[in-house]
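S.K.: test case, fold it:
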Amino acid sequence: MEKEIKEMEKAKEMNNVRKLKPLVYNVYELMEVLDISQSKAYELVNSGEIKVKRVGRRILIPKSSVERYLNA
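M.R.: Below you'll find the model as predicted:
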């Protein structure tokens with residue numbers, strides 16, 4: 001019985017983690033959000049129109065940068 005309760009609590013925690021909304025997008029998610037091509041997404045990133053954070057080789061695009069771009 002105790003094991004089942006622990007498993008249920010763990011499942012609840014995992015479900016809460018899945019509900020978190022992303023704070024950053026990658027280039028492919030940016031393409032989906034803005035409904036743009038890959039070349040346009042990289043153009044926005046490389047031109048600085050959308051501010052990004054680079055972590056190693058990864059390009060992370062803060063959600064706030066996308067909102068700023070859309071409101072400009």
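S.K.: so how far is stretch 46-59 from its chain's centroid?
M.R.: 13 Å (CA atoms, centre = their mean, to the nearest Å).
S.K.: keeping just the C-alphas, turn that stretch into CSV.
M.R.: In CSV, the C-alpha atoms belonging to stretch 46-59 read as follows (Å, rounded to 0.1, in the frame of the first residue of the first chain):
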residue,chain,number,x,y,z
ASN,A,46,21.6,36.2,-36.9
SER,A,47,20.5,39.7,-37.6
GLY,A,48,19.8,40.3,-33.9
GLU,A,49,16.1,41.2,-34.5
ILE,A,50,15.4,38.4,-32.0
LYS,A,51,17.8,38.3,-29.1
VAL,A,52,19.1,34.8,-28.3
LYS,A,53,21.3,33.1,-25.8
ARG,A,54,23.9,30.6,-27.0
VAL,A,55,24.8,27.7,-24.8
GLY,A,56,27.6,25.8,-26.5
ARG,A,57,26.3,25.1,-30.0
ARG,A,58,22.6,25.5,-29.0
ILE,A,59,20.6,28.6,-29.8
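S.K.: what ranges does the chain have for its strands?
M.R.: For the chain, the strands defined by DSSP state E cover 24-25, 53-55, 58-62.
S.K.: with distance to residue 44 and mean neighbour count added, can I get those strands in a markdown table?
M.R.: Bear in mind the C-beta positions are built from the backbone N, C-alpha and C, glycine included. As requested, these are exported to a markdown table (distance: least, CB to CB, whole Å; neighbours: other CB atoms under 10 Å):
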| stretch | distance to residue 44 | mean neighbour count |
| --- | --- | --- |
| strand 24-25 | 12 | 20 |
| strand 53-55 | 15 | 10 |
| strand 58-62 | 9 | 16 |
